[in-house]
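Enquirer: A predicted structure for the sequence below; I have some questions about it.
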Amino acid sequence: MINEGNDRRGFSGYGHSTAHPSLALIKYWGKADSVENLPATPSLAVTLDGLKTETSVWISLNTGSGNTADAVFIEGVLQEKKRFEPFFREFRRLLEKKKPDFSDFTIKAESSSNFPASAGLASSSSGFAALACACSGAAGVELSRDVLSALARIGSASAARSLYGGFTSLAEGKRHAKQLFNENWWPEFRIIILELEKKPKEISSRKAMEQTRITSPYYNSWVKDSVVLMNEAETALGNRNLEILGPIIRKSYLRMFATMFAADPPVIYWKPISLGVIRLCEEMRAEGISVWETMDAGPQVKLFCTENETGKILSRLEAVFPDIRARVCTPGSAPV
Ligand code: DP6
């Protein structure tokens, strides 16, 4: 979060931030308020070391000439303005309070990640977390982590969690996330990220979530049940007990997808290879390997295990699916 230059005549502030994605063990799926982007379900997640998004932001005061439209480039591609407008509106509102004389300015952001965007690898979580930090750095304002988390949530609710390292939660209806345990809480905990497809998803998580909320007859049960799973998962995580946590992780993603499958039209992110990996995990568990999978809004599968099992799991994956890319991550830190 760097700030350079503070010349009021042609202010040009620069900020930079690196953030890690937030992978949910207990899933957020559905909004309590779609304008404020408040989640209907509680979520519990781990911030992933190894995967990262880097974002640079330039802020320039408007002088009455030139282009004053905010612009966001992801991997060099200009993004649709609509997706970022609520975030920038909230950022300007926050700034009005802190720097009342600083109101008419243009924001330009450039972002890139070391993993594919919009493919179900939580790029919007690290993306909006890095954007929030880089924006505050560019404006030269100190915003608390909770305020940055609430700002990032406007962009993407999962991004609220990426503002903290380690294990985090975002309660239903809440504006900002909180850290449950830092990145050193469970040193043996590992997350294996499998890249099964690079292509962007066919339907955005935002749209799919609304479709599920409005049309799935299971939606209300999903929301109610998430609270139960969340409480059980927090206890299991507090005891660092993967034998108990694993089955809860599995229930959360499978119940989320069951709710999506029942939507009209149904939301189906799975690909044959996704199911192949899920089946392989079942086989490994039957052999006594403690490996627990999850999926998000996309075909990728992510596995949770402990360090001592990682080698065995990777060689089984390699034997059955030689072409898929696997990255082993540990719980990661907050954005810098
Ligand atoms: C399946 O945070 O991308 O990954 O708030 O609409 O931007 P918006 O949704 P987003 O949804 C993430 C959904 C999920 C589960 C999770 O990360 O909790």
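Expert: Alright, I've got the coordinates. The shown structure was predicted, so the numbers you read here are calculated from the model rather than taken from an experiment.

Enquirer: quick one, what contacts residue 210?
Expert: Listed by C-beta atoms under 8 Å, 6 or more residues apart in numbering, the contact partners of residue 210 are 31, 34. Bear in mind the C-beta positions are built from the backbone N, C-alpha and C, glycine included.

Enquirer: my read is it is in a strand, agree?
Expert: No - counting by DSSP: H, G, I helix; E, B strand; the rest coil, residue 210 falls outside a strand, being helix.

Enquirer: so where's this structure shaky on pLDDT?
Expert: Along the chain, segments meeting pLDDT under 70 span 1-11, 118-119.

Enquirer: That one against the ligand: which residues are in contact?
Expert: For the chain, the residues in contact with the ligand (C-beta under 6 Å from any ligand atom) are 24, 27-29, 37, 43, 122, 124, 156-158, 205-206, 209, 296-297.

Enquirer: And the buried ones among the residues you listed, selectable in PyMOL?
Expert: This is the PyMOL syntax for the buried subset of these, where burial follows 16 or more other C-beta atoms under 10 Å:
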select buried, resi 24+27+28+29+37+43+122+124+156+157+158+205+206+209+296+297
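
Enquirer: Mark which of the residues of the chain next to the ligand are part of strands, please.
Expert: Using DSSP state E, 24, 43 are the members of the residues of the chain next to the ligand that sit in strands.

Enquirer: farthest pair in the residues of the chain next to the ligand?
Expert: Farthest pair in those (C-beta to C-beta) is 37 and 296. Separation: 17.1 Å.

Enquirer: next one: stretch 176-192 to chain centre, how far?
Expert: Relative to its chain's centre, stretch 176-192 lies at 14 Å (C-alpha atoms, centre = their mean, to the nearest Å).

Enquirer: Check the separation of the first and last residues in that stretch.
Expert: From its first residue to its last, stretch 176-192 covers 27 Å (C-alpha to C-alpha, to the nearest Å).

Enquirer: Quick check: buried residues in it?
Expert: By 16+ other C-beta under 10 Å, the buried positions in stretch 176-192 come out as 176-181, 183, 185-186, 189-192.

Enquirer: nearest to the ligand, of those residues?
Expert: Of all the buried residues of stretch 176-192, residue 177 has the smallest distance to the ligand: 10.6 Å, by C-beta to the nearest ligand atom.

Enquirer: contacting residues for the closest one?
Expert: With contact set as C-beta under 8 Å, 6+ apart, residue 177 has these partners: 149, 153, 160, 161, 163, 164, 168, 169, 170.

Enquirer: residue ranges of the helices in the stretch 101-250 of the chain, please?
Expert: Along the stretch 101-250 of the chain, counting by DSSP state H, counting those that start in this stretch, helices occupy 123-139, 145-155, 157-161, 205-215, 219-238, 242-261.

Enquirer: want to throw these into TSV with distance to residue 333?
Expert: Listed next are the helices of the stretch 101-250 of the chain as TSV, based on distance: least, C-beta to C-beta, whole Å:
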stretch	distance to residue 333
helix 123-139	12
helix 145-155	12
helix 157-161	13
helix 205-215	25
helix 219-238	18
helix 242-261	22
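
Enquirer: just the ones you listed: most buried one?
Expert: helix 157-161 (a mean of 32; mean count of other C-beta atoms under 10 Å).

Enquirer: That helix packs against which elements?
Expert: Other elements packing on helix 157-161 under the criterion 3 or more C-beta pairs under 8 Å, 6 or more residues apart in numbering; DSSP states H and E are strand 22-26, strand 43-47, helix 123-139, helix 145-155, strand 167-170.

Enquirer: Run the chain-centre distance for that helix.
Expert: Its chain's C-alpha centre lies 6 Å from the corresponding centre of helix 157-161 when counted by C-alpha atoms, centre = their mean.

Enquirer: contacts for that helix?
Expert: Counting by C-beta under 8 Å, 6+ apart, residues outside helix 157-161 touching it are 22, 24, 28, 31, 37-39, 43, 45, 47, 122, 124-129, 132, 149-150, 152-153, 168-170, 175-177.

Enquirer: How about stretch 263-274?
Expert: In this structure, residues lying in contact with stretch 263-274 by C-beta under 8 Å, 6+ apart are 120, 196-197, 201-203, 208, 211-212, 215-216, 257, 260-261, 295-301, 321, 324.
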